[in-house]
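Undergrad: Sequence plus predicted model, see below.
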Amino acid sequence: MNNPIKKSNKSLFFQGFSTYTRTRKNSIPRVDELPYFLTWPLVYLMGKGKINPNYISFLSFAAGIGFLVGLVLEYYISGSIVVLLLLSFRILLDCMDGQYARYSKQTSNLGALYDLAADFCFAVLLYIAIFYCLLSYENIPLETAILLTLAAFLSYIASTTVASFFSRLNASDYATQSEVTKEFLKTLQNERPKEKEYSRKLNIMNGVFRVSWRLVSLWVLLILIRQIDSNHRERIAHITSFFEYGTQLTILLIILAVNQAVFYFLIFQVLAFCIMVTGLLLYNILSSIHTVHSYKSRT
């Protein structure tokens, strides 16, 4: 369970931010949490319960599709401000939907699955669009484009999964890592069994979840992650936040803003994944050495 955050009678602006956005009290904001400082004023002004958060998710996905259209039509090469704005809206609205759902007390498992499915679909479409750009505008050979796009896509999915897992682990102060892993991978339960339409949609989205993020999460967590000392959870969550979904899209935004080819984004993805894996392996090695040294000291 998370540490409870006490709320005073006064609805202070940034106290509301802490209550409805942050996962841990008095912790330093992670890199992936910085966009919430931009979206929170709008969430606060929107009030509670007036808008369905799924509409915000839909607008986020629509902005992403608009960005991909601009990418495919070569507008990104000329540094089109419209393309950059659409990607910016995609990033900010993707932060805002869950933030607003928590603030307006409209959270649901179905909404969470909508968000996960939309993120996965957008990631797939993004790399298809980038692959098209490599062939059509950047004159990359077909074999190289296929290998680089596939490697970058797998790196992207794996690194964002690990970042999301450590964020969840860091927020679970009193849960063991195995408990968090089980919770991270399990099918979301139906909290509204009496609503037939809701139940039908939830079953469909759980099926989508099982063959997308859940499938990827399973092999990533089994291969890359060993037991993490509870004292190191927050530190590792801060480090891996650089590989989070929105953070990596922000890197793409920066690359396009300085008129660089999307080829560099793929290179960044592969390098980021290698850095993350190397860091986790080093942590495993150093933790093992420390454990052996502590055991010898006691004996």
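TA: Now that the structure is in, tell me what you want to look at. Numbers count the residues shown, from 1 in each chain.
Undergrad: Tell me the confidence at the most centrally placed residue in the chain?
TA: Centroid-nearest residue in the chain, with CA atoms, centre = their mean: Y245, separated by 3.5 Å. On pLDDT, Y245 comes in at 86.
Undergrad: and if you look at E143?
TA: Value for E143, per-residue pLDDT: 93.
Undergrad: next one: Y264
TA: Looking at Y264, the pLDDT reads 92.
Undergrad: average pLDDT across stretch 289-299?
TA: 72.
Undergrad: So the residue nearest to the centre of the chain sits against S159, correct?
TA: No - here Y245 does not reach S159: they are 9.3 Å apart, not a contact under CB atoms under 8 Å. C-betas here are computed from N, CA, C, even on glycine.
Undergrad: Tell me the secondary structure at E191.
TA: The local conformation at E191, judged by DSSP: H, G, I helix; E, B strand; the rest coil, is coil.
Undergrad: quick one, what contacts it?
TA: 108-109 (CB atoms under 8 Å, 6 or more residues apart in numbering).
Undergrad: give me the low-pLDDT residue ranges for the stretch 101-250 of the chain?
TA: 173-174, 212-227, 230 (pLDDT under 70).
Undergrad: Buried residues of stretch 47-58, list them for me.
TA: 53-54, 56-57 (16 or more other CB atoms under 10 Å).
Undergrad: Endpoints of it, how far apart?
TA: 19 Å (CA to CA, to the nearest Å).
Undergrad: what's in contact with it?
TA: 93-94, 96-98, 100-101, 103-107, 111, 114-115, 118.
Undergrad: circling back to that earlier point, just the buried residues of stretch 47-58 now: which is nearest F153?
TA: Checking the buried residues of stretch 47-58 against F153 with CB to CB, the nearest one is S57 at 22.2 Å.
Undergrad: ok so, going back, show the buried residues in the contacts of stretch 47-58.
TA: 93-94, 96-98, 100-101, 103-104, 111, 114-115, 118.
Undergrad: what's the spacing between the spatially closest residue to Y137 that is not a sequence neighbour and A261?
TA: Nearest residue to Y137, sequence neighbours excluded (CB to CB, 6 or more residues apart in numbering): E74, at 5.8 Å. Between E74 and A261 the computed distance is 12 Å (CB to CB, to the nearest Å).
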